[in-house]
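*Asks:* based on what follows, work out the 3D shape:
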Amino acid sequence: MSSSSSATLSAAQRRTRLNGVFDTMVRAKLGFGPRSLAAMDYGVHFKKVPHWGGHERFVNSKGQEFEAEFFGELAPNTTCHAVGNYVSPSGKFEPIKDDQKVKWSWLLQVPTDGTKRITATFHNQVATLYNVIEDPDAFSLHKQHTMA
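*Replies:* Numbering: from 1, shown residues only. Below you'll find the model as predicted:
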């Protein structure tokens, strides 16, 4: 397909075609490899541990900072901005202090027109996050077997 004709394709067509976003994600294993949140189980691959100030943090099975890849599509009308109790006076730099909280809040949804594998993997990410909230010993959400 020539580059001039690709300009007339819809966003969905560009995402789903060969070498489009979805194909590139799967080939590069972005969100599908061993660091994929969808392939991990809470309590096995990572857990919460006490942190300073009564907070908790996530660590991997070796006790190191937990890192994972996840993906999704920003849901319609999502605004990306920091939330918390940190306030900086207009025009004046004020550093964040230890007693202040700042976090990003983004609403992700399953990618529109995603392949079956992308959709199932997205839902496996949600299952993993659900198990963080719920006691994994009391309830286990069975994941779809998509991780080949």
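
*Asks:* need the per-residue pLDDT for the closest residue to G114 other than its chain neighbours.
*Replies:* Leaving aside its sequence neighbours, G114 sits nearest to F22 (Cβ to Cβ, 6 or more residues apart in numbering; 6.2 Å). Every C-beta, even on glycine, is put in place using the N, C-alpha and C of the backbone. F22 carries a pLDDT value of 78.

*Asks:* F22 touches V110, doesn't it?
*Replies:* No: look at F22 against V110 with Cβ atoms under 8 Å: they stay out of range, at 12.0 Å.

*Asks:* joint contacts of the two?
*Replies:* Taking Cβ atoms under 8 Å, 6 or more residues apart in numbering as the criterion, F22 and V110 both touch I118.

*Asks:* chain center to the longest helix seen in the chain, what's the gap?
*Replies:* If you go by DSSP state H, the chain has its longest helix at helix 116-133. From the chain centre to the centre of helix 116-133 is a distance of 9 Å (Cα atoms, centre = their mean, to the nearest Å).

*Asks:* what are the boundaries of the strands in this protein?
*Replies:* In the chain, the strands defined using DSSP state E lie at 46-50, 56-60, 73-74, 82-84, 102-104, 108-109.

*Asks:* what pairs with the fifth one, and is each one parallel or antiparallel?
*Replies:* Strands adjacent to strand 102-104 in the sheet, as given by DSSP bridges, are strand 82-84 (antiparallel).
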